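> Structure for this input, please:
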Amino acid sequence: MIKSIIGRKVGMTSIFTEDGQHTPVTVIQAGPCFVVQRKTVQKDGYSAVQLGYLPIRERKANKPMRGHFKKAGLPPMKFLCEFRIPDEINVEVGEEITVSSFKPGDIVKVTGTSKGRGFAGVMKRWGMSGQRDSHGSRYHRQPASLGPQGPQRVFKGHRMPGRYGGKTVTIRGLKVVGVDSENHLLLLKGSVPGWKGSIVKIQADKP
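Prediction:
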């Protein structure tokens, strides 16, 4: 059974577990996904499965993609993601993958794109405290010294203003606390990168 799926982040809420614990959870509408291609070690050099998510009209896909999906006997889909899987797992092209592959208690990792915040200063980007706001100070939200006097240069990796967010982020060790197969929903304990409505990849995390 493949424990990998593509979904869309719905938002956050909180639930009470069976033992009465108040738990914050992220709601993800995952699947149904379809196996578009199976890659094997013998043919491709590695073992993976390609999943498609959210069917679209045929006219919205270009000619190469229409041929790719036609070969699998599936309609064109908006999102394609590839997941590495063990070579011994038997998966057929066209097979449907749903949240029923997961169960409460599973540990998963989620990959998404973090919220883009544009060009940000050191206080917002790195959480620096800033300088004084009184007594003649002219540096309120600016960084202090950029480097030592000796080498007369700024060391690589120095925390400075710059582009903040908008990067691919993977959160590991998230626990599945609820599965709603009827509505294709997964409830994960903790936060997931991205904004509401963003696409995320969910797969089983290694213990």
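> Can you report how many residues lie near residue 87?
12 (other C-beta atoms under 10 Å). Using the backbone N, CA and C atoms, a C-beta is placed for each residue, glycine as well.
> distance of it from residue 46?
Distance, residue 87 to residue 46, using C-beta to C-beta, to the nearest Å: 9 Å.
> How about residue 69?
For residue 69 relative to residue 46 (C-beta to C-beta), the value is 22 Å.
> what residue ranges in the protein are flagged as low confidence?
Counting by pLDDT under 70, the low-confidence segments of the chain come to 207.
> any chance you could map the strands in it?
In the chain, the segments counted as strands under DSSP state E are 4-16, 22-30, 33-39, 48-55, 77-84, 96-97, 107-113, 119-120, 162-163, 168-180, 185-189, 199-204.
> mind putting those strands in JSON lines, mean neighbour count and distance to residue 153 included?
Putting the strands of the chain into JSON lines (neighbours: other C-beta atoms under 10 Å; distance: least, C-beta to C-beta, whole Å) gives the following:
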{"stretch": "strand 4-16", "mean neighbour count": "17", "distance to residue 153": "42"}
{"stretch": "strand 22-30", "mean neighbour count": "19", "distance to residue 153": "43"}
{"stretch": "strand 33-39", "mean neighbour count": "21", "distance to residue 153": "46"}
{"stretch": "strand 48-55", "mean neighbour count": "20", "distance to residue 153": "44"}
{"stretch": "strand 77-84", "mean neighbour count": "16", "distance to residue 153": "41"}
{"stretch": "strand 96-97", "mean neighbour count": "17", "distance to residue 153": "52"}
{"stretch": "strand 107-113", "mean neighbour count": "19", "distance to residue 153": "33"}
{"stretch": "strand 119-120", "mean neighbour count": "12", "distance to residue 153": "23"}
{"stretch": "strand 162-163", "mean neighbour count": "12", "distance to residue 153": "18"}
{"stretch": "strand 168-180", "mean neighbour count": "16", "distance to residue 153": "30"}
{"stretch": "strand 185-189", "mean neighbour count": "21", "distance to residue 153": "44"}
{"stretch": "strand 199-204", "mean neighbour count": "22", "distance to residue 153": "40"}
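> JSON lines for those strands, including distance to residue 133?
Shown next, in JSON lines, are the strands of the chain (distance: least, C-beta to C-beta, whole Å):
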{"stretch": "strand 4-16", "distance to residue 133": "34"}
{"stretch": "strand 22-30", "distance to residue 133": "35"}
{"stretch": "strand 33-39", "distance to residue 133": "53"}
{"stretch": "strand 48-55", "distance to residue 133": "50"}
{"stretch": "strand 77-84", "distance to residue 133": "47"}
{"stretch": "strand 96-97", "distance to residue 133": "55"}
{"stretch": "strand 107-113", "distance to residue 133": "35"}
{"stretch": "strand 119-120", "distance to residue 133": "20"}
{"stretch": "strand 162-163", "distance to residue 133": "24"}
{"stretch": "strand 168-180", "distance to residue 133": "33"}
{"stretch": "strand 185-189", "distance to residue 133": "40"}
{"stretch": "strand 199-204", "distance to residue 133": "40"}
